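A.B. asks: Mind folding the following:
(one chain, ligands or ions: 1)
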Amino acid sequence: MTKILIVGAGLSGTVVARQLAEAKHKVTVIDKRPHIGGNCFDFMNEIGILVHKYGPHLFHTSNKNVVEWLSRFTEWIEYKHKVKAMLSNGKLVSFPVNLDTLKEVDESKIIDTFFRPYTKKMWNMELEDLDPSIIQRVPVRKDHNDLYFPDDSYQLMPKYGYTELFKSIFNHRNIYLSLGTPWTEEMISDYDLIFTSMPIDEFCGYSKGRLPYRSIKFHTYTVPVPNLFPVTTINFTHNGPYTRVTEWKNIYKNMKNDKAKYATTITIEEPCSDSENNFEKFYPVKDLSGINNKRYQEYIHTLPKKVIPIGRCGLYKYLDMDEAIERALNISQKILSKIN
Ligand code: UDP
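C.D. replies: Here you go, the predicted structure:
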């Protein structure tokens, strides 16, 4: 029997655990945090509003396989994410930039208004030093479409939230879950196969130096106002230190909730380096020079064969949720074809 450990109970670890468990392997999943779900973790707050503890996670994809796989574990609500950008005069305009935005801001000022200041506070880097794929996530549109993910066929949220979805995926007799359990190096000899979504530098004891990650400090407030914003997220174009605010009740709009009738909960995001936030690592930094990726590759070369990196931090890649799931399904299949 192959002894399998999965380090990290986030999206990738959960998907791999389920796939292996269904193929009749017993798997142990550990996570240093006291909860499942990784950065997708959500919880009902004191007035019954579902809050994403680690910032907004909006599920969007055109990948039918991924949707079908998840649909085994959750019902959905339709939710199409909208964002507006707040200009310096307080005016809210469509974002990503579309033809309506251009009525308020001249085309020549797009980069300096919407991208340069936001990117600086988000990454603490100049726009020119960052890989262009980062800002290409929010391309300028030549129409009036004001959706944040205009091209994705599926834009859904798990009906009862992400944590419930994860619970359901973990609910298998071949999965043994141990929360509040950090990875330690001695564990390596206890297992034949280890999938790790831990930041790879941390997993390797920083033997080749630290990889940079961006982190976010979340400032959450409940205020006695029924509703604050016309859309779920407002991006700030000012010079900082905050990037955006999310009003949670706008996602699950139709959820009946008397307590939240006269109040709303918002979370404001303040990016920082991981060292300024308890070494919580959220975003790998994709620099144009490729130095970070080079260091990542050095780590990969030192990994024992039985260790398989997964997820955003394990792969040091800015993966969206659907990509993380797709990769987790693929790696599970690949490994199963070898060990079954
Ligand atoms: N971005 C920006 N202005 C914005 C929104 C995004 O400059 O108002 C840039 C910024 O560099 C950001 C990247 O585009 O990190 C990707 O944005 P996205 O909203 O996809 O970030 P996420 O939701 O993953 O944090």
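A.B. asks: From here on, just use CA atoms for contacts and neighbour counts.
C.D. replies: OK.
A.B. asks: Name the helix or strand for the residue nearest to F41 when sequence neighbours are not counted, please.
C.D. replies: Among residues not flanking F41 along the chain, T163 sits closest, at 5.5 Å (CA to CA, 6 or more residues apart in numbering). Here T163 is covered by helix 162-170, with elements defined by DSSP states H and E.
A.B. asks: Equivalent analysis for K217, please.
C.D. replies: Short version, using DSSP H and E: K217 is in strand 213-223.
A.B. asks: Would you mind writing the CA trace of that strand as CSV?
C.D. replies: Provided in CSV are the C-alpha atoms of strand 213-223 (Å, rounded to 0.1, in the frame of the first residue of the first chain):
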residue,chain,number,x,y,z
TYR,A,213,5.3,36.5,-2.1
ARG,A,214,2.7,39.2,-1.7
SER,A,215,0.4,39.1,1.2
ILE,A,216,-2.8,41.0,2.1
LYS,A,217,-3.9,42.5,5.4
PHE,A,218,-7.7,42.3,5.6
HIS,A,219,-9.7,45.0,7.4
THR,A,220,-13.2,43.8,8.0
TYR,A,221,-16.0,46.0,9.3
THR,A,222,-19.7,45.7,9.9
VAL,A,223,-21.6,48.9,9.6
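A.B. asks: Could you confirm whether the helix or strand following it reaches the ligand?
C.D. replies: Note on strand 213-223: by DSSP H and E, the next helix or strand toward the C-terminus is strand 233-236. Yes. Strand 233-236 comes into contact with the ligand (CA under 6 Å from any ligand atom), by way of N235.
A.B. asks: Also stretch 45-55?
C.D. replies: No. Using CA under 6 Å from any ligand atom, stretch 45-55 stays clear of the ligand, coming no nearer than 8.5 Å.
A.B. asks: ditto for stretch 142-152
C.D. replies: No. Applying CA under 6 Å from any ligand atom, one finds stretch 142-152 separated from the ligand by no less than 8.2 Å.
A.B. asks: Use 55 as the first number from now on
C.D. replies: With 55 as the first residue, the last one maps to stretch 196-206.
A.B. asks: So which residues make contact with that stretch?
C.D. replies: 114-116, 134-137, 148-150, 152-154, 192 (CA atoms under 8 Å, 6 or more residues apart in numbering).
A.B. asks: next one: stretch 284-291
C.D. replies: The contact list for stretch 284-291, computed with CA under 8 Å, 6+ apart, reads 135-142, 167-169, 171-172, 296-305.
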